[in-house]
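A.B. asks: Any chance you can model this:
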Amino acid sequence: MNWIDGHLDLAYIHLCIRDITRPCVDPEQACISLPDLAEGGVDVAFATIFTEPDPEQADAPCGYPAADVDAAHGAGLRQLEFYEGLEAAGRVRIVRRRGDLGESGDEARPLRLVLLMEGADPIRRPDEVSQWHARGLRVVGLTWWRGTRYAGGNGQHGPLTPAGVELIRALDAAGIVHDASHLADEAFDMLLAETRGRIVASHSNCRALMGGEDQRHLRDEHIRAIVERDGIIGLNLYSTFLVPEDRATIADCIRHLEHICEIAGHRRAVALGSDADGGFAPTRMPADLDHPRKYANLAAGLRSAGWSDDEITGLARGNWLRLLGDVLPRA
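C.D. replies: Numbering: from 1, shown residues only. You can find the predicted model right below:
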């Protein structure tokens, strides 16, 4: 079975940690590289342009001083150029239109990348959205955990800013999907009021199952709102986002998926958004899901839980493909 992973920090991993063109060596330290994804049958990935407003990381490839708009722009461009370089070398193909997705199961084809901006500060002004779109950007989250000049994050709470409202209009005009995974509750509520565009949560789980009010996890009403707009919620495989304590299991993953499906009334709104190696080691993923080649174990668990083959294929790739078929330009 082939998979689509809705959230992987590939540029961040390569520029800040290690070479993703080489297989991972230590399974307790890393599991994401181009060869490892191919081994696991991941043939499409939402690849992030992740930037962080952090004075301690201002000189890092992904960091920038919070007030420095041009530095944020430069950090985002470095990652976009990294993906374009991989494409020029034939290692990946950036998905700009529907036809770029190609046919699943062709082992000779390179990994397909859907570009997702995690934290929108690299977009200096709304009139730059068209330039980013022309180079392949198809999904944008206005903020990361810390918050940006566009929106409050789920670590530093706050609303959309006036600049954020203006940016939403430009993103909608370009047909770019909104990613709500890191929005503060107030900002998420405002996004729902400001746009009729598609909304996903690329790598989020259920707050109701986590025993607290951590805004990193989705409220039931936000799950319902995403479903009502025919959006997708990607299952995050970070153990701490699946169970409050200990290491998560496949059963914990299924519990979160089933909670979303119960709210939705169907199984078409869930997918994978692993965030693997996104700041945590494979030892902090569920024990039998700590490498892409083990994603088949999730499929087996769902089958044992009563999911049909079509529903499992939907989770693995079909649900993301349906959304991409709706939002990507034809040409």
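A.B. asks: Could you pick out the longest helix of the chain?
C.D. replies: helix 69-88 (DSSP state H).
A.B. asks: Would you mind identifying the next helix or strand past that one?
C.D. replies: Per DSSP states H and E, helix 69-88 leads on to strand 92-94 as the next helix or strand towards the C-terminus.
A.B. asks: What pairs with that following strand, parallel or antiparallel?
C.D. replies: According to DSSP bridges, strand 92-94 forms sheet pairs with strand 111-118 (parallel).
A.B. asks: so the strand it pairs with versus helix 69-88, what angle?
C.D. replies: Per axes from the mean of the first three to the mean of the last three C-alpha atoms, to 10 degrees, the angle that strand 111-118 makes with helix 69-88 is 170 degrees.
A.B. asks: Which SSE is immediately downstream of strand 111-118?
C.D. replies: helix 129-134.
A.B. asks: Restrict that next one to CA atoms and write it as PDB.
C.D. replies: Provided in PDB are the C-alpha atoms of helix 129-134 (Å, rounded to 0.1, in the frame of the first residue of the first chain):
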ATOM      1  CA  VAL A 129       1.200  35.300  -2.400                       C
ATOM      2  CA  SER A 130       1.000  34.900  -6.200                       C
ATOM      3  CA  GLN A 131       4.800  34.600  -6.500                       C
ATOM      4  CA  TRP A 132       4.900  31.900  -3.900                       C
ATOM      5  CA  HIS A 133       1.900  30.100  -5.500                       C
ATOM      6  CA  ALA A 134       3.700  30.200  -8.900                       C
END
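A.B. asks: next SSE after that helix?
C.D. replies: Downstream of helix 129-134, the first helix or strand assigned by DSSP H and E is strand 137-141.
A.B. asks: buried stuff in the helix or strand hosting Ala163?
C.D. replies: Remark: Ala163 resides in helix 162-174, with elements defined by DSSP H and E. Of all the residues in helix 162-174, those buried under the rule 16 or more other C-beta atoms under 10 Å are Ala163, Gly164, Val165, Leu167, Ile168, Ala170, Leu171, Asp172, Ala174. Where C-beta positions appear, they are placed from N, C-alpha and C, glycine not excepted.
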